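Novice: Dropping the sequence and predicted coords here.
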Amino acid sequence: MQRVQGLGRSGAAGSAAPPVPELPAVPPMTAPELREVYRLMSSVRRLDEAAVAWQRQGILPAYAPLLGQEAAQVGSAFAVDRERDFLFPTYREAGVARTLGVDMVEYMSTHRATWHGGLWDAAEHRLAPIQAVVAGSVLHAVGWAHGQRLAAASPGDPQDPVGGLGVAVAYLGDGASSQGDVHEAMNIAAVFAAPVVFFVQNNGWAISVPTERQVAGGSVAARGAGYGMPALRIDGNDAEAVVSATRRALAYARAGRGPVIVEAVTYRRGPHSTADDPGRYRTLDDERRDAGADPLERLRARLLGEGLANEAFVAECDAAAAAEAEAVREGVLALGPRPGAEMFDLVFAEPTEELLRQKAQWRKESEHG
Amino acid sequence: MQRVQGLGRSGAAGSAAPPVPELPAVPPMTAPELREVYRLMSSVRRLDEAAVAWQRQGILPAYAPLLGQEAAQVGSAFAVDRERDFLFPTYREAGVARTLGVDMVEYMSTHRATWHGGLWDAAEHRLAPIQAVVAGSVLHAVGWAHGQRLAAASPGDPQDPVGGLGVAVAYLGDGASSQGDVHEAMNIAAVFAAPVVFFVQNNGWAISVPTERQVAGGSVAARGAGYGMPALRIDGNDAEAVVSATRRALAYARAGRGPVIVEAVTYRRGPHSTADDPGRYRTLDDERRDAGADPLERLRARLLGEGLANEAFVAECDAAAAAEAEAVREGVLALGPRPGAEMFDLVFAEPTEELLRQKAQWRKESEHG
Amino acid sequence: MAEAMAPATRELSLQQALNLALSELLAEDPKVLVFGEDVGALGGVFRVTDGLAAKHGSERVFDTPLAESSILGLAIGLAMAGFRPVPEVQFDGFAYPAMSQIVTQLGRMHYRSRGALRMPVTLRVPSFGGIRAPENHGESLEAVFAHVPGLKVACPADPQQAYTLLKAAVRSDDPVIFMEPKSRYWQKGAVVTESADWAGARVARVGRHLTLVAWGAMVARCLQVAELATEDGVDVEVVDLRWLKPIDTESLAASVGKTRRAVVVHEAPLTAGLGAEVAQRITERCFGTLRAPVERVTGFDVPYPSGDLEDEYIPSIDRILFGIQRVLEYRRG
Amino acid sequence: MAEAMAPATRELSLQQALNLALSELLAEDPKVLVFGEDVGALGGVFRVTDGLAAKHGSERVFDTPLAESSILGLAIGLAMAGFRPVPEVQFDGFAYPAMSQIVTQLGRMHYRSRGALRMPVTLRVPSFGGIRAPENHGESLEAVFAHVPGLKVACPADPQQAYTLLKAAVRSDDPVIFMEPKSRYWQKGAVVTESADWAGARVARVGRHLTLVAWGAMVARCLQVAELATEDGVDVEVVDLRWLKPIDTESLAASVGKTRRAVVVHEAPLTAGLGAEVAQRITERCFGTLRAPVERVTGFDVPYPSGDLEDEYIPSIDRILFGIQRVLEYRRG
Ligand SMILES: Cc1ncc(C[n+]2csc(CCOP(=O)(O)OP(=O)(O)O)c2C)c(N)n1
Ligand SMILES: Cc1ncc(C[n+]2csc(CCOP(=O)(O)OP(=O)(O)O)c2C)c(N)n1
Ligand SMILES: [Mg+2]
Ligand SMILES: [Mg+2]
């Protein structure tokens, strides 16, 4: 091991940027794929707008809208292999969940204050529970991904696993990129060549703090080079750009070549959450200037413009989305509180006497109904 | 604020590397400066070797040798302005302390198990206490540095503070660079344009883990670009290269332009600490191959070769170093344990009744002598 | 009413009382700095820092990137540079990423440096549950903070305490963790701005038969319980602990020495909660007069639950009344 | 002696007992993984993992970069992927940088996911003081860990316990924090490898007059104290708590129900230490028979000091004897 790599024999200074490999190319999306993405984005848009309304109607205590991020969320989740990949969401990933086929009543249960994390089965749907700690699950993605390498290891060459590795997709925001855990995750993933895609939705804001006062240098993707990790910074409002970039990243990781950053540049068109008041930190003019074109409208214009779909298809998507939102609304309304006993029963796989005692006391003193 | 910077109107992908400013040039070192650095390095070498011997003799319970890192430590500390800069050491910075003029008995008191942190006055010597938590003080350096900007702010342009800013120098190792706090510190320092020099001694090892299984991409300096931060990767065994790089970095930070990374590539020639057994993870052949030329010998050869000093000077430095080491040995031997009452008295600036009560109980039940 | 509203008395919410105290602290000492996530233009997610950046300048009241370890690390470095930092972590649960800086650095720098480096840092932590918040936004960390050497811990229960304790905390030359009961931010009360009553615990209600010990949002609940208990002829004393470290053992002993019975109430989980410490201190001092073991009515040893279940988790009026009953009906076995 | 050394019994140091247990666990279950800083080629700074990488492969026993939050984060992700991780943080004080992962993730993932994601993670933490180590290398975090919902906490006192408890911890499907008393790593003792005695607390010495409750390195010290106390005719029972969460309250009550007097001993600071919980549990269960308040002999509320002062800080034999004396001489006031 030569320790002074990056320094010539003369000891001349430099910053020793490591070489960064190229990502594989992927074929363009097909028309059915684009239509499917549009259908999903319509559904997500409607659900998201509905959830904001439900919060105003008192059905949900709070909600974190993803308005404007539909292409980033649907596109990235559309690209994954739902049989073997595993996704790690934040608290703003309704579009990812919907694309993976998670029951949206089970998803919305978090915002209904029914159950932190949501009611869906994380193992079955390969979508980890909702994560309320910013950057809290990025390291889990690396651990899970390293596990895929370990499982694939043994005989063959781990650089070229048979059939390819399952890939972890870690979702994070521009704000999250400031957390130490994100650096640790990227560094370790690169050292271990773990199959992870760090999917960054840079939506311009972390609550009231804009990206330029958050992310030194302005780009999370720009950090990849320092780790010798490929990184793509893409227009996150262009659904095909998102699908293609994620596919390229997945192919690279799947082949055992290591992690990739995809930074989808998008815009948080709504408030941080329904409790937020963006008027305190940005103007409507700012929003108009910065938001760029609406991702759903952009895809619609393209589909219609290139003759990949017609108005009837758009109308059908709209109608399906409306019906779906209404069904979710009914499901959410029907969600009762979970039985209090679950507070005790779900803590451990192997229950303790102490918690059984506390549960008995709770039953005696508090159980309602 | 245009949020899709780095993406053209076409939305084309890229990694959006931010522009990285140039560092100012500095004049070459003078002959007296080079001699002074040699004198300091001789003294540090002797003290360090002596401390290892003291550990074997039972005078110190443990010691972390810096053998091979003399140029990096003396060179960087030699470059600072001892009136207004502030340095944040790790647990392996005897060379930095000696160069700043810290009493080396007070420094060695840490290794004598007299007082965690050392006995010198951190505020007076502008050297923070010894830090046992890897990367524990890197953020303090950023906070201290941000304080210099705040103090300098008011009327004038903070980009060009009158007389220049005090600069914080944060010492860290290759291993430390894996810690989340280091990323947080670099990111925030860059966002705040805080006057910090991150001085990385990449000595090839973090205990038993070599840099290539620690630092993705192989270089800590390479990370600067992602933050839009200038970074130098230098031969850390070349004393003049270290002094010059640190001076350039300090000048840049002092002018209010922001933080800089200096990565001094060096080699930990000794064990991690006197408790370590490097034979378990590297061979003597590895060491011979990787260590490179000894920094003290290199500087000596240069001074003699270029006629900047003569053998008499070298001998005089040796003799002074030997005498100094002997004096420190006597001082260390004379160090008695601190009075137990300090356990209680030094916790708070404003003492509490509770601790006074505990101290009284301790006096009653345990005070010896 | 006109008299009660004398110049020095104002009717303020707890959140307004904190805001006023911060503004006055910023005005009185140029070394005071306020920072954290979203504390600037937004004024904090609970509006505690509302208007402060505009009034005192965005150098002195500033947003940080989203990194709690950094918020603490900056505070420590700024204190070393002579400032008097008042950082905020946005919610209790986000003190965990800063735990190494809190425990190994903030609490030890004065000691480590033998007093050369003072740490006049007040860390504001919106704390506890009760507002149907997302996961990890309803934590009660007082036992952890109180266990850490080198820290002091304060916790106001009402607007007056919020104002007075925050002033005392920020003016202190030692690090103080300042736990704000977020479910009480909007509660109003009279605030006397020149109050000097900030040290030690506080008797929030005088009573004869039993002492309830609480802090933060549980104080108001205990006061409610005390009113209900009068219906059964039980006269409850309520002690608001206020300083969770150091604990004012004298005041606890004085109260329980009189009432001979005690129940301690907190939201945090039972095991190794601060209630154990309070109970044990009472027992140590009042063993001879105590008529029953001190009872604890606390959260359970489970993760703080989602909104639908939080009333099952937080000590309810019923559960506190059960606790009182157990103490009153206790017979030596 | 020949009989005592039957096939299943070996004379091992605590560190060797842990090494043997880990090696057997790696052999019995291919899902077991061991990782942390310097646990591979070096075998750990305390040699607990010595030889394991060579024997079980460097995929299953591997070094991580120097980042404790990552070590926990990796463990959680690996558990989600079906592994049974046994991570190590190198020293107690470096659990703090991992605290958010420990509290908000490791302890909650099973609950959050409604049981869909199990967390069979055993986090090994070389703990406590007594070896003249650098700063932050002598911490006692048991009160913090015990307060965290969703974790179990084990702490062996001798080679036998080390072996048996580690096996139980790793085989458990729940997260266990495994606190190893580093000052006892080199202590030897007989280890019966097929022991099934691992649940709950353990009576380490039977006695009649007073119960000493301890864990980790303090157990051996309490056994010494018990021998000395016999000289004064005091017959001390020593309870080794073993599991610091959940606490085996029944065993405590059984012992103190008999002796009617108790002293709890720990290295951690007094305030909000686990001693308060133990004392309060004893008081709750034995109030009627207790002859004196439970005493606590603990570290002080100060940062763990440098080597020269650590014997002043850690409960000494003298201080424990003083505590026993206070209990024996207690008279109701
Ligand atoms: C560790 C942590 N710190 C603070 C918060 C409070 N908080 C919730 S979301 C948020 C902003 C996150 O910004 P970003 O990562 O850009 O994601 P976005 O909300 O834009 O989707 C903050 C500060 C938190 N949940 N977790
Ligand atoms: C947070 C933390 N984790 C682990 C350790 C144990 N430890 C002490 S030094 C060290 C290696 C540090 O390597 P590096 O940063 O390269 O510095 P060097 O020792 O080479 O000078 C480790 C793991 C520690 N002190 N602090
Ligand atoms: Mg964002
Ligand atoms: Mg190193």
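Specialist: Structure's in. What do you need? Residues are numbered from 1 along each chain as shown, chains lettered A, B, ... in the order given. Ligands and ions are numbered 1, 2, ... in the order given.
Novice: partner residues bridging residue C:34?
Specialist: Per DSSP bridges, the residues bridged to residue C:34 are residue C:61, residue C:86.
Novice: where's it relative to residue A:22, distance?
Specialist: Separation of residue C:34 from residue A:22 (CB to CB, to the nearest Å) stands at 48 Å. (Each C-beta comes from the backbone N, C-alpha and C, glycine too.)
Novice: These two: who's more crowded?
Specialist: residue C:34 (26 against 8; other CB atoms under 10 Å in any protein chain shown).
Novice: hang on, the more buried one packs against residue C:26?
Specialist: Yes: in this structure residue C:34 lies within contact range of residue C:26 using CB atoms under 8 Å: 6.8 Å.
Novice: which neighbours do the two share?
Specialist: Residues touching both residue C:34 and residue C:26 (CB atoms under 8 Å, 6 or more residues apart in numbering or on different chains) are C:52, C:56, C:60, C:61.
Novice: Report the contact partners of the second one.
Specialist: I take that to be residue C:56. Residue C:56 makes contacts with C:23, C:26, C:27, C:34, as judged by CB under 8 Å, 6+ apart.
Novice: out of the residues you listed, who has the most neighbours?
Specialist: residue C:34 (26 neighbours).
Novice: thinking again about what came up before, next step: the contacts of residue C:56 restricted to strands.
Specialist: Using DSSP state E, the subset of the contacts of residue C:56 located in strands is residue C:34.
Novice: tell me which of the contacts of residue C:56 is nearest to residue A:51?
Specialist: residue C:34 (34.2 Å; CB to CB).
Novice: re the thing from before, tell me the two of the shared contacts of residue C:34 and residue C:26 that are most distant?
Specialist: Of all pairs drawn from the shared contacts of residue C:34 and residue C:26, the widest gap by CB to CB lies between C:52 and C:60 and measures 8.2 Å.
Novice: The two: who's more crowded?
Specialist: The neighbour count for residue C:52 versus residue C:60, taken as other CB under 10 Å, is higher for residue C:52 (22 against 19).
Novice: Need the pLDDT of the residue nearest the centre of chain A.
Specialist: Centroid-nearest residue in chain A: residue A:171, 3.5 Å away (criterion: CA atoms, centre = their mean). As predicted, residue A:171 sits at a pLDDT of 98.
Novice: For it, name its beta-bridge partners.
Specialist: According to DSSP bridges, the partner residues bridging residue A:171 are residue A:199.
Novice: my guess is it contacts residue A:95, does it?
Specialist: No: judged on CB under 8 Å, residue A:171 makes no contact with residue A:95 at a distance of 10.4 Å.
Novice: Let me know the helix or strand that residue 59 is in.
Specialist: Going with chain A. According to DSSP states H and E, residue A:59 maps onto no helix or strand at all.
Novice: can you check residue A:290 too?
Specialist: Residue A:290 belongs to helix A:284-291, assigned by DSSP H and E.
Novice: Residue C:156 - nearest residue in space that isn't next to it in sequence?
Specialist: Excluding its sequence neighbours, the residue lying closest to residue C:156 (CB to CB, 6 or more residues apart in numbering or on different chains) is residue C:162, at 4.0 Å.
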